[in-house]
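Trainee: Fold the following for me, if possible:
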Amino acid sequence: MRTLPFLSSHSLCSDVKSENLYNVYNYDVLIGDITEKTLFTSLSDRFGVPYLSHADPTVEPEWPVKGIIFGPNKRVFVNLVLATEARRLNVFFLVNSTCPTTFVSPTVLAELIPGDDPSCGIEANIHGVLEDVDMSPASSHFADLNMLGNDFFMECEGKLLVDYPSQTCTLFRG
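Mentor: Numbering: from 1, shown residues only. Below you'll find the model as predicted:
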């Protein structure tokens, strides 16, 4: 369960006590081999779908989710449908089971809620799972990436199978 307060797109950052922000906004992990450009190019090619392309609103997200192991550091990625009431996008997430929360880049938030200030986070539907999503910390080494944290796995009772020989992974729900 999240230890941090939910931050909707209509929340004011000043409503949140500073001691509760530490875990979210100071989280960092060194990601030097993947950039936002990688998401739009190499990962789009590997997934066979353009990054941030619109997902069909009439099609429910399918489980289990097939993902890939990518790059020289063998990072685990999944393509999940990230949705608000207005938009549904294909978003590539780096899976990080040690990350306490799920983060998305400013580019993703700008696509999901154009014109709003998403800096305090939003509530979104991630592949059929309602989840609190925070903006990737600007000072982090993954500021332009999306990170699927352990809060998502706890919420959907997720299980991740990583198959290094085939360079694939499978994300199961429940």
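
Trainee: got the buried residues for stretch 116-134?
Mentor: Across stretch 116-134, burial judged by 16 or more other Cβ atoms under 10 Å covers 118, 120-122, 124-127, 129, 131-134. Bear in mind the C-beta positions are built from the backbone N, C-alpha and C, glycine included.

Trainee: Make CSV out of the residues you listed and add secondary structure and distance to residue 49.
Mentor: Listed next are these as CSV, based on DSSP: H, G, I helix; E, B strand; the rest coil; distance: Cβ to Cβ, whole Å:
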residue, secondary structure, distance to residue 49
118, coil, 23
120, coil, 29
121, coil, 25
122, strand, 23
124, strand, 19
125, strand, 18
126, strand, 16
127, coil, 14
129, strand, 20
131, strand, 21
132, strand, 25
133, strand, 20
134, strand, 24
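
Trainee: Now for these: which two are most distant?
Mentor: Maximum pairwise distance among those (Cβ to Cβ): 22.8 Å, between 120 and 127.

Trainee: In contact with the residue lying closest to residue 168 once chain neighbours are set aside, which residues?
Mentor: Counting by Cβ to Cβ, 6 or more residues apart in numbering, residue 68 is the residue found nearest to residue 168 once chain neighbours are left out, at 6.0 Å. Residues in contact with residue 68 (Cβ atoms under 8 Å, 6 or more residues apart in numbering) are 43, 46, 47, 76, 77, 167, 168, 169.

Trainee: and residue 68, that one's in a strand?
Mentor: Yes: under DSSP: H, G, I helix; E, B strand; the rest coil, residue 68 falls within a strand.

Trainee: Quick one: the helices in this structure, in order.
Mentor: Under the criterion DSSP state H, helices of the chain are mapped to 18-25, 36-38, 44-47, 106-112, 150-156.

Trainee: Mind putting those helices into JSON lines with distance to residue 72 and mean pLDDT?
Mentor: As requested, the helices of the chain are exported to JSON lines (distance: least, Cβ to Cβ, whole Å; pLDDT from 0 to 100):
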{"stretch": "helix 18-25", "distance to residue 72": "29", "mean pLDDT": "52"}
{"stretch": "helix 36-38", "distance to residue 72": "12", "mean pLDDT": "97"}
{"stretch": "helix 44-47", "distance to residue 72": "14", "mean pLDDT": "98"}
{"stretch": "helix 106-112", "distance to residue 72": "24", "mean pLDDT": "93"}
{"stretch": "helix 150-156", "distance to residue 72": "25", "mean pLDDT": "95"}
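
Trainee: Columns distance to residue 140 on top of these, output as a markdown table?
Mentor: Below are these laid out as a markdown table (distance: least, Cβ to Cβ, whole Å):
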| stretch | distance to residue 140 |
| --- | --- |
| helix 18-25 | 9 |
| helix 36-38 | 13 |
| helix 44-47 | 23 |
| helix 106-112 | 12 |
| helix 150-156 | 17 |
